[in-house]
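Asker: need the 3D shape of this:
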Amino acid sequence: MSTAIDKERDRVIALSQMVIRAWRLLDGLSVAPEVTLVALAVRLGWYQKRPLDVSAIATMTGLPRSTVNRHIKALEGLNRMAATRIGRRSVPLPTSMDAAEIGRFLASLEALVVSTAAVVSKMGT
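Answerer: Model (predicted):
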C-alpha cells in the first residue's frame with residue numbers, strides 16, 4: 001500500500017523527469033539554451049498578442065537586459081529575429097525560420113507535459 005509520502009515522491013520523480021526531458025529538447029535546438037530562452041520569450045509574447053520589448057524579455061527570463069540585447073542581435077544574425085517598431089517600442093519579431101523551429105519545440109514540449117500530466121493524474125491524490 002502506497003503512503004501519501006510515497007505518492008508525493010513519485011509525483012516529484014515524474015515532474016523531475018519531465019524537466020530533464022524538457023532540457024534535452026532545449027539542448028536539441030540549434031543555438032545555446034540561453035539564446036533559445038530569449039527566442040521562446042519573444043515567441044510567447046507574439047503568441048499572446050503582447051509583443052515583448054527587451055525589458056519585458058529580461059524580466060520574463062531573469063536575464064540582464066544587456067544579455068537579452070546580445071542574444072537578440074545573435075538571433076538577428078541567424079535570420080531568426082528582426083526588429084520592428086510598435087509605437088515607441090522596438091520589439092524583436094520572429095522570422096518564419098524561427099517560428100518553424102520553435103513551433104516544433106513547443107509541440108514536443110506540449111506532448112511531454114500532457115504525458116507527464118497523465119502519469120501524475122494516475123497516481124491519485
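
Asker: could you use CA atoms for every contact and neighbour count after this?
Answerer: Fine.

Asker: how many other residues sit next to Gly62?
Answerer: Residues lying near Gly62 (other CA atoms under 10 Å) number 10.

Asker: what's the pLDDT at it?
Answerer: Looking at Gly62, its pLDDT is 95.

Asker: can you check Thr125 too?
Answerer: Looking at Thr125, the pLDDT reads 55.

Asker: what of Ser2?
Answerer: So, for Ser2, pLDDT stands at 68.

Asker: which parts of this structure are helices?
Answerer: For the chain, applying DSSP state H gives helices covering 4-27, 33-47, 54-61, 65-77, 96-122.

Asker: pick the most buried one from those.
Answerer: Highest mean neighbour count of these: helix 33-47, a mean of 19 (counted as mean count of other CA atoms under 10 Å).

Asker: which strands and helices sit next to that one?
Answerer: On a contact count with 3 or more CA pairs under 8 Å, 6 or more residues apart in numbering; DSSP states H and E, helix 33-47 meets helix 4-27, helix 54-61, helix 65-77, strand 89-94, helix 96-122.

Asker: from the chain's centroid, how far away is stretch 110-119?
Answerer: Mean-position distance between stretch 110-119 and its chain equals 16 Å (CA atoms, centre = their mean, to the nearest Å).

Asker: avg pLDDT for it?
Answerer: 89.

Asker: of all the helices of the chain, which one is nearest Arg89?
Answerer: helix 54-61 (9.3 Å; CA to CA).

Asker: tilt between the helix or strand of the chain at the bottom of the mean pLDDT ranking and helix 4-27?
Answerer: One helix or strand of the chain scores below all others by mean pLDDT, DSSP states H and E: helix 96-122, with a mean of 82. Put simply, helix 96-122 runs at 170 degrees to helix 4-27, going by axes from the mean of the first three to the mean of the last three CA atoms, to 10 degrees.
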